[in-house]
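A.B. asks: here are the coordinates; sequence isn't available:
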DNA sequence: GGCAGTTGTGTAAGCGCTTCCACCCAGCCG
DNA sequence: CGGCTGGGTGGAAGCGCTTACACAACTGCC
């Protein structure tokens, strides 16, 4: 159904008694067109319910007026929020957004290549596509923004701060007196890698060592499984960890479920923290201590950066790292200011981490 | 950046010493091509890193190989999940997905018309675009699937069951002995309208009447505000409602926050229910009684339906209504089987509503 | 050995639009 | 009053591809 009413610019031209060139000019306001001619054209357009075919326009203009977004998954709040911010800005800039979710998909590389053929530039979440393919696409001259990962040569990077905030989180937990830590969440070589790095640095500085991260999926179920593995008596290390630092909130929620399964009270028997500050984190029981990422801003920034690259406003790749916020709630233990047993006060204790 | 390496089919043809027609045939496997020629072509393709331009292909084929999806918002879990199911199936069917979120956007009609020019068919969430515009687009011959709303002539409908499950929810609450009900969530004339209708029918059958739904936004904040308005002493009706039925889970979470603000215990002082069964519902404190919608299936069905219309497998519009599930948790009060004070048992009491 | 039926290939006509260029014709200046 | 400007317009060349059609070179058959 490319036909857009079936009416083409030729039909309009004929009906208005002018040439297609004039119709085009009248419609886009390029070049001079007399008032009377414009009238006639607009009349014909209205009568024929003509809408220019995007395909024709794009082919002639040599651009798609569309951006791509490659993300690993759309389930869970994180990616949706980023996409939201992205779409909003892209739309504002007059570009459509084509999404590609790679989760559980075969032939991802081909799908991404196909996507590349439909857009003027694309945003790629870290770890969704092989670096080689990303480089290949960059090599064709297509603007690319890498999101939430490590930089790739020739592409922009938009990410949120990880190391410092991870450190701050770990320090906060150390402040609770915990000394036995467990980590939950597969090291993805990207964002999460940096978080683990920050946590470890902070712990090491206090002479504490954490076991290898339990490599679970980034879902509540994955977290629950990890929670069982980590907290079950006699598992892994001899002594049960006092705090479980999770790579994201969903995992943390799963770990809390696992703790309940095992009859452990959070945070009394074990502290649990997440990452992202998704909606459920605030409403969870107990409310989740986590690190808030500016998810929407992440998407918005990526859209802006991509636009700069596409329009040529900027030609050299840049990297931006957005600050995060430590959000302290009940799941990491009692705090002087906020009795964790009392029903939530609306306020949350936030502490800004220093920007990267 | 339409250029796809800059290499066109002409360059390939020249390099391989054949015509562009032969290149096209060799690449898409239409028409006969000798083995040796195919070799030459593939070699040239590889050397030039040629990728056919989607624009050229689409223009010649007369189709976009892309589907649109118009949704009101991407924040919150509901729409993201639907989009997920949609994208998955669309991709499987070889179509890209272009998303358009209308939230807080001006000129929505124009954006939707533009979208229509980029796709072979589109899915439109109910209440995102004026019906007139949808009809206009249908009028151009474009396949349209309306999601989660009332049917529109000439378009497919995919929705989940509302009236019966709303009735079941109300009956369940009546079973708790509640007689004073409040409703929270703006009547949107679509899905939610049906829910309120079902609730009212069930209540009326028991001689109970509910006040007008409090017309709040579909967010946690909106729910919180509604909760205050509804539960504040001396507000609205003389006696405080014993149960607040919310149009979606986010509102319900907000109402629970409001109850806590007011020093009311849920479910002891007031029962609260949601709709959708988003992730936070399960983890909320107290866990939310709600109605589960098959969100992902909704998207997947829509994609399939749209495909049928586009390919012409089916030419007459159809409607499908997907069943929902009443999920009883702690927020509506104590139940014999599941002591609500005990930490969640993994199991949830679900009761299937009769399919519509 | 001539004729119909393959096969493999090229030619060229679109697909719907934008835009360079040429052209015509007022109006204006010298 | 003729040459110039420049506004208004049409012609036509792409943009990159698919595909109907024509055609040549074979095959196999009577």
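C.D. replies: Received it, and whenever you're ready, just let me know what you need. Since the structure is predicted, the reported quantities are computational estimates derived from the model, not experimental observations. Residues are numbered from 1 along each chain as shown, chains lettered A, B, ... in the order given.

A.B. asks: Residue A:202 is in contact with residue A:175, isn't it?
C.D. replies: No: with contact defined as C-beta atoms under 8 Å, residue A:202 does not count as touching residue A:175 (10.9 Å). (Each C-beta comes from the backbone N, C-alpha and C, glycine too.)

A.B. asks: And these two? Which one has more around it.
C.D. replies: The neighbour count for residue A:202 versus residue A:175, taken as other C-beta atoms under 10 Å in any protein chain shown, is higher for residue A:202 (22 against 11).

A.B. asks: The more buried one: which element?
C.D. replies: Here residue A:202 sits within helix A:191-205, counting by DSSP states H and E.

A.B. asks: tell me what the helix or strand that that helix is followed by is packed against?
C.D. replies: Scanning forward in sequence from helix A:191-205 by DSSP H and E, the next helix or strand is helix A:220-231. Helix A:220-231 sits against strand A:181-184, strand A:243-246, helix A:249-261, helix B:279-283, with contacts defined as 3 or more C-beta pairs under 8 Å, 6 or more residues apart in numbering or on different chains; DSSP states H and E.

A.B. asks: Return the most buried member of the ones you listed.
C.D. replies: Ranked by mean neighbour count under mean count of other C-beta atoms under 10 Å in any protein chain shown, these are led by strand A:243-246, which reaches a mean of 30.

A.B. asks: strand partners of that one, parallel vs antiparallel please.
C.D. replies: Sheet pairing for strand A:243-246, assigned by DSSP bridges, gives strand A:181-184 (parallel), strand A:271-273 (parallel).

A.B. asks: Include distance to residue B:156 and mean pLDDT when you put the ones you listed into TSV, please.
C.D. replies: Output for the strands paired with strand A:243-246, formatted as TSV (distance: least, C-beta to C-beta, whole Å; pLDDT from 0 to 100):
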stretch	distance to residue B:156	mean pLDDT
strand A:181-184	43	96
strand A:271-273	45	97
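
A.B. asks: Taking the stretch 101-250 of chain A, what residue is nearest to chain B?
C.D. replies: Residue nearest to chain B within the stretch 101-250 of chain A: residue A:117 (4.2 Å; C-beta to the nearest C-beta).

A.B. asks: Ok, the stretch 1-150 of chain A next?
C.D. replies: residue A:80 (3.4 Å).

A.B. asks: surely that residue meets residue B:80?
C.D. replies: Yes: between residue A:80 and residue B:80 there is a contact at 3.4 Å, judged by C-beta under 8 Å.

A.B. asks: count of residues packed around the residue of the stretch 101-250 of chain A closest to chain B?
C.D. replies: Residues near residue A:117, counting by other C-beta under 10 Å: 21.

A.B. asks: Then residue A:56?
C.D. replies: Counted with other C-beta under 10 Å, residue A:56 comes out at 16.

A.B. asks: Return the residues in contact with it.
C.D. replies: A:9, B:59 (C-beta atoms under 8 Å, 6 or more residues apart in numbering or on different chains).

A.B. asks: which residues sit in contact with the residue of the stretch 101-250 of chain A closest to chain B?
C.D. replies: Neighbour list for residue A:117: B:4, B:51-54 [criterion: C-beta under 8 Å, 6+ apart].

A.B. asks: quick one: it from DNA strand C, how far?
C.D. replies: 16 Å (C-beta to the nearest atom of the strand, to the nearest Å).

A.B. asks: Phi and psi next, for the closest residue to that residue other than its chain neighbours.
C.D. replies: Among residues not flanking residue A:117 along the chain, residue B:54 sits closest, at 4.2 Å (C-beta to C-beta, 6 or more residues apart in numbering or on different chains). Backbone torsions of residue B:54, given as degrees, to the nearest 10, read phi -60, psi -40.

A.B. asks: My understanding was that residue B:54 contacts residue A:116; is that so?
C.D. replies: No: assessed by C-beta under 8 Å, residue B:54 is found out of contact with residue A:116, at 9.2 Å.

A.B. asks: Please, where are all the strands along chain A?
C.D. replies: A:66-71, A:96-101, A:121-125, A:144-147, A:156-160, A:181-184, A:243-246, A:271-273, A:290-292, A:319-322, A:325-328, A:349-352 (DSSP state E).

A.B. asks: hang on, the earlier thing: and the contacts of residue A:117, which of them are in helices?
C.D. replies: Of the contacts of residue A:117, the ones assigned to helices by DSSP state H are residue B:54.

A.B. asks: Contact residues of chain A facing DNA strand D?
C.D. replies: Residues of chain A found near DNA strand D (C-beta under 7 Å from any atom of the strand) are A:17-22, A:25, A:31-34, A:36-37, A:59-60, A:62.

A.B. asks: Just the buried ones from the residues you listed?
C.D. replies: A:18, A:22, A:25, A:33, A:37, A:59 (16 or more other C-beta atoms under 10 Å in any protein chain shown).

A.B. asks: can you redo the residues you listed as JSON lines with pLDDT and distance to DNA strand C?
C.D. replies: Shown next, in JSON lines, are these (pLDDT from 0 to 100; distance: C-beta to the nearest atom of the strand, whole Å):
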{"residue": "A:18", "pLDDT": "93", "distance to DNA strand C": "11"}
{"residue": "A:22", "pLDDT": "94", "distance to DNA strand C": "8"}
{"residue": "A:25", "pLDDT": "93", "distance to DNA strand C": "5"}
{"residue": "A:33", "pLDDT": "90", "distance to DNA strand C": "10"}
{"residue": "A:37", "pLDDT": "93", "distance to DNA strand C": "13"}
{"residue": "A:59", "pLDDT": "93", "distance to DNA strand C": "4"}
